[in-house]
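> after the sequence you'll find the predicted model.
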Amino acid sequence: MNGQNGDGAIRMSRRGLLRMGAAGLVGGSLLARAQTGFGQASAQPGPNTEAAYVPRPRTPQYRFRVGATTLNPDGRRATPGITINGQYPGPEIRVREGSMLRIEVENTLPDEPTSIHWHGLLLPAGMDGVPDVSGFPIAPRQVFVYEYPLLQSGTYWYHSHWQLQEQIGMAGPFVIEARDEPLRVDHDIVVMLGDWLYRSPYAALTALKKGPAKPMAAGAKMADMKPDLADIEYDALLLNGRGTRDPWTYQARPGERIRLRIINAAASTYFRLRLDGHPLAITHADGLAVEAVTVDYLQMGMAETYDAVVTLSGSGSYTLHAVAVDGSGQAIGVLHTPDAAAKPNLAMPTFEGRALSYGDLRAVAPTALPPGPARPFTLALQGDMAKYVWTINGQVYPKTDPLLIRQGDRVQIELRNETLMWHPMHLHGHFFRVLQGAGERAPFKHTVNVAPRETVRIEFTADNPGRWIFHCHNLYHLEAGMARVFEYEA
């Protein structure tokens with residue numbers, strides 16, 4: 001039996017420990033296939049009842065203290081938050097591919113559990129940080145030690161998976177540097193986007209559940225209605241935790257190449273992003289390399305990441321704009337040269353020229369999945385705005401049936417969005433191929449945006465046994481029921 005000891009860590013049975021060790025032996029070879037585009041890595045199995053316990057005496061690389069904090073990210077109003085080590089965004093994790101990572105997380109909250117999900121990472125199920133799916137929450141005033149091998153490289157992030165803590169500050173960037181990095185740049189920096197409320201997000205969710213301010217007119221048909229661009233009205237939009245009054249800035253010389261690791265860590269905001277006077281060369285999507293494609297701007301769903309390389313064209317100050325898709329506001333940052341002051345351009349940009357689409361993304365090598373039994377699913381993304389209930393195939397999480405698969409299955413999913421909102425769908429513990437016309441070079445992603453009334457097809461290999469949540473990464477849609485759990489054993 002497993003049990004939770006006094007420090008909040010989950011002790012693992014001998015059988016579970018042996019299972020984790022055995023899987024670690026195969027993870028490296030499968031990872032190599034993932035990095036070259038021939039399959040996905042396997043981190044270690046483990047049902048949620050066999051989360052790994054790691055003895056505390058070993059020194060962690062990072063110590064995280066989760067606690068209540070007062071934050072004022074845009075300089076306008078102090079607001080209660082929950083953060084890691086008292087800061088937002090949380091501490092940047094920057095580690096090396098192929099190493100073991102050990103993070104000690106102490107929950108200093110007096111009366112509220114917490115958890116941390118390592119978004120986009122291939123890891124053992126017991127380390128995934130989803131309460132009641134892959135493990136237990138970290139109880140108040142307790143400690144949990146996360147430890148797992150880093151089987152990939154790229155731009156990722158971490159965040160709480162407990163209720164709405166992510167919205168009030170509990171998130172941060174996670175960069176895994178490649179052992180053999182072919183991309184040569186002069187600067188490598190994180191750009192983390194966010195949205196911020198002065199009021200409690202729980203109050204905002206309660207208001208949504210009371211129904212829309214303008215009910216649907218009698219006789220109105222779904223097909224005649226326009227897509228709904230947002231359901232939360234935000235007080236501030238943030239770039240690296242800062243608002244437009246005192247924006248984040250970065251200095252580089254003319255001609256230098258800058259790698260922007262862009263993370264949409266917003267709870268409920270889609271962003272369009274462009275840099276004044278400069279195209280963006282997109283080199284990575286959701287952490288994995290793609291054939292470089294140059295665009296004028298990109299649109300990002302929540303939880304997606306893109307790496308973009310820009311070369312400063314000359315002396316000056318250049319504003320990076322991240323505009324909410326509904327036009328309600330923007331977050332900005334400023335890149336400037338040493339001989340020029342950082343001058344924020346607060347004008348709302350136009351979005352003309354070439355936009356990045358999934359059809360533009362090509363993996364750097366063929367991504368055909370290993371042979372395996374086909375396991376098809378059709379998942380309808382549905383919602384009731386009047387009651388603010390969001391479902392998958394009519395079921396409201398957590399009162400849902402598990403999606404049962406077997407190890408080695410080639411899982412094929414048709415996502416049908418029957419609503420008027422976008423849904424960025426995220427699968428834990430796996431990457432999936434996005435089947436949008438790229439053929440054998442279909443890119444691997446962990447999050448795919450499904451537009452209103454559109455259908456997207458994805459597929460993945462069931463090679464990382466455990467229980468894995470698949471959910472909309474609009475935080476409010478998740479809290480209102482849009483999630484299911486894939487489940488399989490070794």
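Looks like it came in fine. The structure presented is a predicted model; accordingly, all values stated were derived computationally and were not measured.
> all helices for the stretch 301-450 of the chain, in order.
When secondary structure is read from DSSP state H, counting those that start in this stretch, the stretch 301-450 of the chain shows no helices.
> shaky segments in it?
Applying pLDDT under 70 to the stretch 301-450 of the chain picks out no residues at all.
> now the strands for it?
Applying DSSP state E, counting those that start in this stretch to the stretch 301-450 of the chain gives strands spanning 305-311, 317-324, 330-336, 374-384, 389-392, 403-404, 410-417, 423-427, 432-434, 444-445, 447-450.
> put together a markdown table for those, with mean neighbour count and distance to residue 267 on each row.
Every residue, glycine included, has its C-beta placed from N, CA and C. Formatted as a markdown table, the strands of the stretch 301-450 of the chain follow (neighbours: other C-beta atoms under 10 Å; distance: least, C-beta to C-beta, whole Å):
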| stretch | mean neighbour count | distance to residue 267 |
| --- | --- | --- |
| strand 305-311 | 23 | 16 |
| strand 317-324 | 23 | 12 |
| strand 330-336 | 23 | 14 |
| strand 374-384 | 16 | 17 |
| strand 389-392 | 22 | 14 |
| strand 403-404 | 16 | 25 |
| strand 410-417 | 20 | 20 |
| strand 423-427 | 24 | 11 |
| strand 432-434 | 25 | 23 |
| strand 444-445 | 25 | 20 |
| strand 447-450 | 23 | 14 |
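> nearest to residue 162, of those?
Of all those, it is strand 423-427 that lies closest to residue 162, at 16.3 Å by C-beta to C-beta.
> okay, now the domains of the protein?
As recorded under automatic domain parsing, the domains making up the chain are 3-177, 187-197+232-356, 374-488.
> dead centre of this structure: give me the residue that sits there.
Nearest residue to the geometric centre of the chain (C-alpha atoms, centre = their mean): residue 303, 3.0 Å.
> pretty sure that one contacts residue 427?
No - Residue 303 is not in contact with residue 427 according to C-beta atoms under 8 Å; the separation is 10.8 Å.
> one step back: could I get the strands of the stretch 301-450 of the chain as CSV with distance to residue 488?
Below are the strands of the stretch 301-450 of the chain laid out as CSV (distance: least, C-beta to C-beta, whole Å):
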stretch, distance to residue 488
strand 305-311, 27
strand 317-324, 38
strand 330-336, 40
strand 374-384, 10
strand 389-392, 18
strand 403-404, 7
strand 410-417, 9
strand 423-427, 13
strand 432-434, 15
strand 444-445, 20
strand 447-450, 21
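> nearest to residue 284 among the ones you listed would be which one?
Closest among these, once you apply C-beta to C-beta, is strand 305-311, at 3.7 Å.
> who does the closest one touch, helix- and strand-wise?
strand 154-159, strand 257-264, strand 280-285, strand 298-300 (3 or more C-beta pairs under 8 Å, 6 or more residues apart in numbering; DSSP states H and E).
> let's see 6 Å
Here strand 305-311 touches strand 257-264, strand 280-285, going by 3 or more C-beta pairs under 6 Å, 6 or more residues apart in numbering; DSSP states H and E.
> can I get the ones you listed in CSV including mean pLDDT and mean neighbour count?
Listed next are these as CSV, based on pLDDT from 0 to 100; neighbours: other C-beta atoms under 10 Å:
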stretch, mean pLDDT, mean neighbour count
strand 257-264, 98, 23
strand 280-285, 98, 22
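> now those as a markdown table including distance to residue 364?
Below are the helices and strands packed on strand 305-311 laid out as a markdown table (distance: least, C-beta to C-beta, whole Å):
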| stretch | distance to residue 364 |
| --- | --- |
| strand 257-264 | 16 |
| strand 280-285 | 10 |
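> for residue 328, find the nearest of those.
Nearest of the helices and strands packed on strand 305-311 (C-beta to C-beta): strand 257-264, 15.6 Å.
> give the next helix or strand downstream of that closest one.
Where DSSP states H and E defines the elements, the next helix or strand beyond strand 257-264 is strand 271-275.
> and the contacts of that following strand?
For strand 271-275, contacts defined as C-beta atoms under 6 Å, 6 or more residues apart in numbering pick out 193, 264, 297-300, 310, 318, 320-323, 349, 351.
> identify the residues contacting the closest residue to residue 111 other than its chain neighbours.
Spatial nearest neighbour of residue 111, chain neighbours left out: residue 140 (5.6 Å); criterion: C-beta to C-beta, 6 or more residues apart in numbering. Residue 140 is in contact with 107, 109, 110, 111, counting by C-beta under 6 Å, 6+ apart.
> make CSV out of those and add neighbour count, pLDDT and distance to residue 376.
Formatted as CSV, these follow (neighbours: other C-beta atoms under 10 Å; pLDDT from 0 to 100; distance: C-beta to C-beta, whole Å):
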residue, neighbour count, pLDDT, distance to residue 376
107, 24, 98, 41
109, 19, 98, 43
110, 9, 95, 48
111, 6, 96, 45
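> of those, which belong to strands?
Here DSSP state E is the test, and the contacts of residue 140 give residue 107 as lying in strands.
> which one of the contacts of residue 140 sits closest to residue 413?
Nearest to residue 413 among those: residue 107, at 34.6 Å, using C-beta to C-beta.
> ok, so what distance separates the closest one from residue 82?
Look at residue 107 and residue 82: by C-beta to C-beta, to the nearest Å, they are 10 Å apart.
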